[in-house]
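> no sequence on this one, just coordinates:
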Ligand code: SF4
Ligand code: SF4
């Protein structure tokens, strides 16, 4: 499907983080993932964009590639069609509890949902800690700190497998 069919949203990563400042401070320390409101759940996403990279499952293990969904904005690491993503991309996954707990794990090791669900705290670079969307990029934890290839240019994903420590 052509990306032109979908009107692209103009998200501003810092505006998104500023919205989350209205939430109760450190809410994630006092609730389980199951108890979060929709706004709290959304706020936990650090905007790293790594879940929008294509992956392969080989012999029961998930391998990341440095190829990205055509709708990922590689500058902001946000989805360009967030409101329509499931209509536009048949294998775009909702990040819900089932996704967080799926085996083999396919969310990156840095994903806030996975970290909290496995007893870890949020990393110091998480926007909920720093108040800055940029802190994810500055820490080198986002997809936009890597050399990426648009999936529309890819024939064989196996040629793009990466061995990053944070996925
Ligand atoms: S990997 Fe997790 S924290 Fe990063 S963008 Fe995806 S859902 Fe958000
Ligand atoms: S459509 Fe789905 S996989 Fe593609 S960028 Fe948007 S959220 Fe990520």
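Cool, got the structure. A quick note: this is a predicted structure, and the numbers were derived from the prediction, not measured. Ligands and ions are numbered 1, 2, ... in the order given.

> Quick one: name the residues of this protein near ligand 2.
52, 69, 71-72, 79, 85, 88-89, 92 (Cβ under 6 Å from any ligand atom). The C-beta positions use only the backbone N, C-alpha and C, and glycine is treated the same way.

> Helix, strand or coil: sort out the closest residue to residue 147 other than its chain neighbours for me.
In this structure, residue 147 finds its nearest non-sequential neighbour in residue 66, 6.2 Å apart by Cβ to Cβ, 6 or more residues apart in numbering. Judged by DSSP: H, G, I helix; E, B strand; the rest coil, the three-state class of residue 66 is strand.

> Is it possible to mark the buried ones in the residues of the chain next to ligand 2?
With burial judged by 16 or more other Cβ atoms under 10 Å, the buried subset of the residues of the chain next to ligand 2 is 52, 69, 71-72, 79, 85, 88-89, 92.

> isn't the residue nearest to residue 147 right next to residue 148, touching?
Yes. Using Cβ atoms under 8 Å, residue 66 is in contact with residue 148, at 5.4 Å.

> Quick check: of the buried ones among the residues of the chain next to ligand 2, which lies closest to residue 40?
Residue 40 lies nearest to residue 79 out of these, by Cβ to Cβ, at 19.4 Å.

> could you measure the closest one against ligand 1, distance?
Counting by Cβ to the nearest ligand atom, to the nearest Å, the gap from residue 79 to ligand 1 is 9 Å.

> Next, that residue: phi, psi?
phi -80, psi 130 (degrees, to the nearest 10).

> What separation is there between it and residue 85?
From residue 79 across to residue 85, the span is 6 Å (Cβ to Cβ, to the nearest Å).

> Find residues that contact each of those two.
residue 71 (Cβ atoms under 8 Å, 6 or more residues apart in numbering).

> does the residue lying closest to residue 130 once chain neighbours are set aside count as helix, strand or coil?
Closest residue to residue 130 apart from its sequence neighbours, by Cβ to Cβ, 6+ apart: residue 124 at 7.6 Å. Following three-state DSSP, residue 124 is assigned to coil.

> re the thing from before, mind listing what the residue nearest to residue 147 touches?
Going by Cβ under 8 Å, 6+ apart, residue 66 touches 53, 146-149, 160, 162.

> got a pLDDT number for the residue nearest to residue 158 when sequence neighbours are not counted?
Spatial nearest neighbour of residue 158, chain neighbours left out: residue 56 (6.8 Å); criterion: Cβ to Cβ, 6+ apart. Residue 56 is assigned 98 on the pLDDT scale.
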